[in-house]
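Engineer: Fold the following.
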Amino acid sequence: MSESSRLYEEARKVLVGGVSSPVRAAIRPYPFFVREGRGPYIFTVDGQRLIDYVLGYGPLILGHAPEPVVKRIMDYLSRGWLYGAPTEVEVLLAKKIVSHFPSIRKVRFVNSGGEAVATAIRLARGYTRRRKILKFEGNYHGAVDYVLVKAGSAAAHFGAHHQPVFLMTWLN
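Structural biologist: Residues are numbered from 1 along each chain as shown. Coordinates of the predicted model:
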């Protein structure tokens with residue numbers, strides 16, 4: 001029995017579907033488990049070195065654990081990492097983003113892609129007063145009910161269709 005197989009059996013006892021994402025639940029007979037990442041590679045608990053083409057779905061464009069990034073993060077972590085209040089560094093980051101994109105006047109930082117999509121939908125509905133959204137079939141837009149199905153995600157794979165296949169959605 002591989003270490004990934006053993007960990008998957010343990011995970012099934014405490015995680016829904018044995019994984020923290022329905023996409024990973026579709027991997028058969030079980031997903032591989034990662035031990036660590038360095039540069040463009042991930043290393044599995046089974047001793048495999050794999051090129052990581054996913055890179056955290058985008059944010060790891062510099063690879064895993066690049067030394068300058070690790071050093072900067074450790075500097076910030078040594079001063080605390082979750083305040084539940086505004087910080088100067090988020091103002092500086094927002095100003096930097098806005099300075100590079102003339103069409104952007106303000107930004108909002110969120111915790112996940114799903115939260116970003118939900119915020120964008122809420123903003124669009126408030127601005128337009130429309131009650132429908134249009135989603136591109138076969139694209140992943142986060143784990144938000146309005147946009148999850150038919151994304152190439154496990155929801156569609158396992159037949160969990162909560163909406164019409166035609167992807168115009170009514171919102172309440």
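
Engineer: which residue ranges form the strands in the chain?
Structural biologist: Taking DSSP state E as the test, the strands found in the chain are 34-38, 41-44, 49-51, 132-134, 168-170.

Engineer: List the buried residues for the third one?
Structural biologist: Along strand 49-51, not one residue counts as buried under the neighbour rule (16 or more other C-beta atoms under 10 Å). (C-beta placed from N, C-alpha, C; glycine too.)

Engineer: what bits of this structure have low per-residue confidence?
Structural biologist: 149-172 (pLDDT under 70).

Engineer: Let me know the outermost residue of it.
Structural biologist: residue 1 (30.3 Å; C-alpha atoms, centre = their mean).

Engineer: In contact with it, which residues?
Structural biologist: For residue 1, no contacting residues are found, by C-beta atoms under 8 Å, 6 or more residues apart in numbering.

Engineer: follow-up on the earlier one: columns distance to residue 82 on top of the strands of the chain, output as a markdown table?
Structural biologist: As requested, the strands of the chain are exported to a markdown table (distance: least, C-beta to C-beta, whole Å):
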| stretch | distance to residue 82 |
| --- | --- |
| strand 34-38 | 23 |
| strand 41-44 | 26 |
| strand 49-51 | 31 |
| strand 132-134 | 32 |
| strand 168-170 | 34 |
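
Engineer: Need the winner for burial among these.
Structural biologist: strand 41-44 (a mean of 17; mean count of other C-beta atoms under 10 Å).

Engineer: Adjacent strands (with direction) for it?
Structural biologist: Counting by DSSP bridges, the strands paired with strand 41-44 are strand 34-38 (antiparallel), strand 49-51 (antiparallel).

Engineer: can you map out the helices along the chain?
Structural biologist: Here the chain has its helices, by DSSP state H, at 3-14, 22-25, 67-77, 88-100, 113-128, 145-148, 154-157.

Engineer: And the contacts of the fourth one?
Structural biologist: Right, helix 88-100. Here helix 88-100 has contacts from 76, 104-107, 109, using C-beta under 8 Å, 6+ apart.

Engineer: let's go with 10 Å and repeat that
Structural biologist: Residues outside helix 88-100 that contact it (C-beta atoms under 10 Å, 6 or more residues apart in numbering): 76, 87, 104-109.

Engineer: Of those residues, which is the most crowded?
Structural biologist: residue 107 (14 neighbours; other C-beta atoms under 10 Å).

Engineer: Residue 137 is nearest to which of the helices of the chain?
Structural biologist: Smallest distance to residue 137 across the helices of the chain (C-beta to C-beta): 9.7 Å, for helix 154-157.

Engineer: Now for residue 110: which residues touch it?
Structural biologist: 116-120.

Engineer: Next, work out how far apart it and residue 65 are.
Structural biologist: 24 Å (C-beta to C-beta, to the nearest Å).
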